[in-house]
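[1] attaching a predicted model along with its sequence, questions to come.
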Amino acid sequence: MYSLPFTLRSYAEVDYVRGKMDAAMLEGLKKNGFVSFGLTDNGFAYLMSNHPVARPEDLKGQQGLVAEATRSARRRSPRSVSRRSRCG
């Protein structure tokens, strides 16, 4: 849940959600035989584009890159994108 991009909009929301969910997540891990050393965050995902993006429809037809963990969580296949198409 914490790794889904664009779910939480500020660190205040992160603090609120984590205050409500961390204990339950850690208990769920423990109940299933896992030992956790704690939960951390990786910061926010930022959308970068050469074109203005104001709403989801503006992304139609655009390519996007997401972290491997996010692809796995959403059961998406990794998509190879050449460095040239990303950087120039």
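    It's in.
[2] okay, buried residues for the host helix or strand of residue 27 please.
    Per DSSP states H and E: residue 27 is located in helix 11-31. For helix 11-31, the neighbour count (16 or more other Cβ atoms under 10 Å) marks 14, 18 as buried. All C-beta atoms are positioned from the backbone trio N, CA, C, and that covers glycine.
[3] using CSV, write out every CA atom in it.
    C-alpha atoms of helix 11-31 as CSV (Å, rounded to 0.1, in the frame of the first residue of the first chain):
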residue,chain,number,x,y,z
TYR,A,11,3.8,13.7,4.6
ALA,A,12,0.9,14.7,6.8
GLU,A,13,-1.2,12.1,5.0
VAL,A,14,1.6,9.6,5.2
ASP,A,15,1.9,10.1,9.0
TYR,A,16,-1.8,9.8,9.5
VAL,A,17,-2.1,6.5,7.4
ARG,A,18,1.0,5.0,9.0
GLY,A,19,-0.4,5.9,12.5
LYS,A,20,-3.5,3.8,11.6
MET,A,21,-1.9,1.0,9.6
ASP,A,22,1.7,0.2,10.7
ALA,A,23,0.7,-1.8,13.8
ALA,A,24,-1.8,-3.9,11.8
MET,A,25,0.7,-4.5,9.1
LEU,A,26,3.5,-5.6,11.5
GLU,A,27,1.0,-7.8,13.3
GLY,A,28,0.0,-9.4,10.0
LEU,A,29,3.6,-10.1,9.2
LYS,A,30,4.2,-11.6,12.6
LYS,A,31,1.0,-13.8,12.4
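[4] going forward, begin numbering at 701 instead of 1
    With the count now opening at 701, the last piece we talked about shows up as helix 711-731.
[5] show the average pLDDT along that helix.
    For helix 711-731, mean pLDDT is 92.
[6] next one: stretch 751-768
    77.
[7] quick check: residue 722 vs residue 716, distance?
    11 Å (Cβ to Cβ, to the nearest Å).
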